[in-house]
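Peer 1: show me the folded form of this:
(chains A and B)
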There are 2 protein chains.
Amino acid sequence: MDSGSQQDFATRLAAVAAETDALLERLLGDQALPGEIVRPQRLLAAMRHAVLGGGKRLRPFLLVETATLFGASRDGALLTGAALECLHCYSLVHDDLPAMDDDDLRRGLPTVHKAFDQATAILAGDALLTLAFDCVARADVHPDADVRIALVMALARAAGLGGMAGGQMLDLAAEGRFDRKRILPENEIATMQAMKTGGLIGFACRAGAILGQADAAARVAIDRYGAAVGQAYQIADDLLDVEGDSATLGKTAGKDAAAGKATLVAALGAASARARLDALIGQADVALAPFGAKADILRAAARFIAQRQR
Amino acid sequence: MDSGSQQDFATRLAAVAAETDALLERLLGDQALPGEIVRPQRLLAAMRHAVLGGGKRLRPFLLVETATLFGASRDGALLTGAALECLHCYSLVHDDLPAMDDDDLRRGLPTVHKAFDQATAILAGDALLTLAFDCVARADVHPDADVRIALVMALARAAGLGGMAGGQMLDLAAEGRFDRKRILPENEIATMQAMKTGGLIGFACRAGAILGQADAAARVAIDRYGAAVGQAYQIADDLLDVEGDSATLGKTAGKDAAAGKATLVAALGAASARARLDALIGQADVALAPFGAKADILRAAARFIAQRQR
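Peer 2: Alright, predicted model coming up:
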């Protein structure tokens, strides 16, 4: 990846983030939609706090660029990406609760239960999760209802019992919350992380292929890419927790290590984890080979994710 | 309503409950579905505790019987009803949390955060909400994806920011959780309750019309029925809170009154609230007039809801 394409990557990442922010701003307006009665101010403010506090919008970016690769409409991909961001932010709000990871700081701001209160944070998360499905179901996503239904289904599977929510459960269990603490073997850490963080990143890539009505071979390839990038994201995140500082991260550093969270960095050590990151970039490249130069932006994304500093 | 049709009503209510329970049992099995990785035992157990602890399955019943009125398939309606029940149970699990209504007892059993813990209860609620959308998106609900998308959209609007979650927010605010306690005027109580409990009951009826692809006039009529029954449900519930005992109710009696919850019973007094119930049964009957005798079961349902003892 030369510096020209790095430049291109940064520009395109910023473009998706700006478009996503504008869309989220509109989605979280105070006007009730058909089928809604009123949008209570306090709940709306908490949802806005959770969603509009910045963020790189990496998941929407992966979704939009994958959709572009498969020739899908950018507007439909942006709306699906905004839905995914709502769902991602719900998970952060609930994970930050005192009963879960008990975090006070997120993206450099007080977490929702600190800025508001726990009841409001629980409801804001619930309403954001619900809003994600609301958005994906909208006709603006894609004219074909079969495509939207495929997105609803894929999102639900990625986020629920056998995906993200289940992954958070396994993570808390590994910490020794319900029983004695267990040192997870590497394969169980990988399963837990594939559910907890891999699910939504995998969905981002898969959604692009669904929107573009890609053929089966292309879907398999993009799923492989998504799996590699999802693992890379988690390892990079765990390295940052160990090596970063709270001011740069905008969240509490060292928290996972202190809580004894099961991570591959803890299991393998930082040097081996870095080698694993390089291998995952290689796997992402292999998965993208069939798409040629059209997939350069996704190659750059894999590098960005593996090497990010915050 | 003569005693013959009351008998018929009881039989049909029990039939839907049994079919719904069997379906929920299957939906909450331990086998991971395509797109899921594993179903963590503890999370699954908490979801099962929340959903399989009995219950009259009134919402699924309204959904199945409305669908039957419009000639829709019973199996599709039962699956949609099971999804609705998952969503309803998620709301109970989260509402019972210490940060919300802080209830220890539900359907005569410990609430999920008492039987498990708060983190597990939050995640079980999240996963049940997600599962509701998963179920509604399935091809078994209806062969036409446009119908399933209409259900996803209607469910999201009924449950989210401008529906149930928003209604719970307004309810907590009226209690004085975030500011001083306010005595809500009757119209604000009605709005809050239309969101908090009316949303899902309204969805139950509307979903039957969506599944049966009913015409616009029939949808308006059934929405009116749903609104009347939703209000009747809430008033009957509030009367039970004041007049029932915990053993019969299977939840803590007198709790709402003690918390200073805004209810029409508190605002109007029990006698006026009972008169309102009678008026609502009349409204339900008027709404059903176009459907003739075919809607007798829905007429009986309105009476059952208004007169229920627990």
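
Peer 1: for the stretch 151-300 of chain A, which residues are neighbours of chain B?
Peer 2: Within the stretch 151-300 of chain A, the positions adjacent to chain B are A:152-163, A:165-170, A:172-173, A:177-178, A:191, A:194-195, A:199 by C-beta under 8 Å from any C-beta of the partner chain. Quick note: C-beta positions are derived from backbone N, CA and C, even for glycine.

Peer 1: if we look at stretch A:140-157, which residues are touching it?
Peer 2: Identification of contacts with stretch A:140-157 by C-beta atoms under 8 Å, 6 or more residues apart in numbering or on different chains yields A:72-73, A:75-76, A:79-80, A:83-84, A:87, A:132-133, A:135-139, A:163, A:203, A:206-207, A:210-211, A:213, B:33-36, B:130-131, B:133-134, B:136-138, B:144-146, B:148-149, B:152.

Peer 1: and the closest residue to chain B within the stretch 151-300 of chain A, how far from residue A:83?
Peer 2: Nearest to chain B in the stretch 151-300 of chain A, going by C-beta to the nearest C-beta, is residue A:162, at a distance of 2.4 Å. According to C-beta to C-beta, to the nearest Å, residue A:162 and residue A:83 sit 20 Å apart.

Peer 1: residue of the stretch 1-150 of chain A nearest chain B, please.
Peer 2: Closest contact between the stretch 1-150 of chain A and chain B, by C-beta to the nearest C-beta, is at residue A:36 (2.4 Å).

Peer 1: so that residue makes contact with residue B:161?
Peer 2: Yes. Residue A:36 lies in contact with residue B:161 (C-beta atoms under 8 Å); the separation is 6.9 Å.

Peer 1: between the two, which is the more surrounded one?
Peer 2: Between residue A:36 and residue B:161, counted using other C-beta atoms under 10 Å in any protein chain shown, the more crowded position is residue B:161 (31 against 19).

Peer 1: the more buried one belongs to a helix?
Peer 2: No. With DSSP: H, G, I helix; E, B strand; the rest coil as the criterion, residue B:161 is located in coil rather than a helix.

Peer 1: and residue A:36, what does it touch?
Peer 2: Residues in contact with residue A:36 (C-beta under 8 Å, 6+ apart) are B:157, B:160, B:161, B:162, B:163, B:166.

Peer 1: report the buried members of the residues of the stretch 151-300 of chain A next to chain B.
Peer 2: Buried members of those, counted by 16 or more other C-beta atoms under 10 Å in any protein chain shown: A:152-163, A:165-170, A:172-173, A:177, A:191, A:194-195, A:199.

Peer 1: what's the pLDDT at residue A:55?
Peer 2: Predicted confidence (pLDDT) at residue A:55: the value is 88.

Peer 1: after the helix or strand bottoming out on mean pLDDT in chain A, next one along is what?
Peer 2: When each helix and strand of chain A is scored by mean pLDDT, DSSP states H and E, helix A:246-249 comes last, with a mean of 64. Counting by DSSP states H and E, the next helix or strand C-terminal to helix A:246-249 is helix A:255-259.

Peer 1: which residues does that following helix contact?
Peer 2: By C-beta under 8 Å, 6+ apart, helix A:255-259 touches A:101, A:103, A:175, A:238, A:241, A:242, A:263, A:266.

Peer 1: let's see that with 7 Å instead.
Peer 2: The contact list for helix A:255-259 (C-beta atoms under 7 Å, 6 or more residues apart in numbering or on different chains) reads A:103, A:175, A:238, A:241, A:242, A:263, A:266.

Peer 1: cool, and stretch A:177-193?
Peer 2: Contacts with stretch A:177-193, where a contact means C-beta under 7 Å, 6+ apart, come from A:167, A:170-171, A:174-175, A:231, A:234, A:260, A:262-264, A:267, B:37-38, B:42, B:117, B:119.

Peer 1: just the strands from chain A, written as ranges.
Peer 2: A:105-106, A:109-110 (DSSP state E).

Peer 1: average pLDDT across stretch A:212-231?
Peer 2: Here the average pLDDT along stretch A:212-231 is 97.

Peer 1: for it, list the C-alpha coordinates in CSV.
Peer 2: Extracted in CSV, the C-alpha atoms of stretch A:212-231 (Å, rounded to 0.1, in the frame of the first residue of the first chain):
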residue,chain,number,x,y,z
GLY,A,212,-24.9,-5.8,-4.0
GLN,A,213,-26.6,-9.2,-4.5
ALA,A,214,-23.1,-10.7,-4.9
ASP,A,215,-22.8,-14.3,-6.0
ALA,A,216,-22.1,-17.2,-3.6
ALA,A,217,-18.3,-17.3,-4.3
ALA,A,218,-18.0,-13.6,-3.7
ARG,A,219,-19.9,-13.9,-0.5
VAL,A,220,-17.6,-16.6,0.8
ALA,A,221,-14.6,-14.4,-0.1
ILE,A,222,-16.0,-11.4,1.6
ASP,A,223,-16.9,-13.4,4.7
ARG,A,224,-13.3,-14.6,4.9
TYR,A,225,-12.1,-11.0,4.6
GLY,A,226,-14.6,-9.9,7.3
ALA,A,227,-13.5,-12.7,9.7
ALA,A,228,-9.8,-11.7,9.3
VAL,A,229,-10.5,-8.1,9.8
GLY,A,230,-12.7,-8.8,12.8
GLN,A,231,-9.9,-10.7,14.5
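
Peer 1: in that stretch, which residues are buried?
Peer 2: A:212-214, A:218-219, A:221-222, A:224-231.

Peer 1: who touches it?
Peer 2: Outside stretch A:212-231, the residues that touch it by C-beta under 7 Å, 6+ apart are A:66-67, A:70-72, A:147, A:193-194, A:197-198, A:201-202, A:205-206, A:209, A:280, A:283-284, A:287-288, A:290, A:298, A:302, A:305.

Peer 1: centre of the chain versus it, how much separation?
Peer 2: Relative to the centre of its chain, stretch A:212-231 is centred 16 Å away, using C-alpha atoms, centre = their mean, to the nearest Å.

Peer 1: nothing else from me, thank you.
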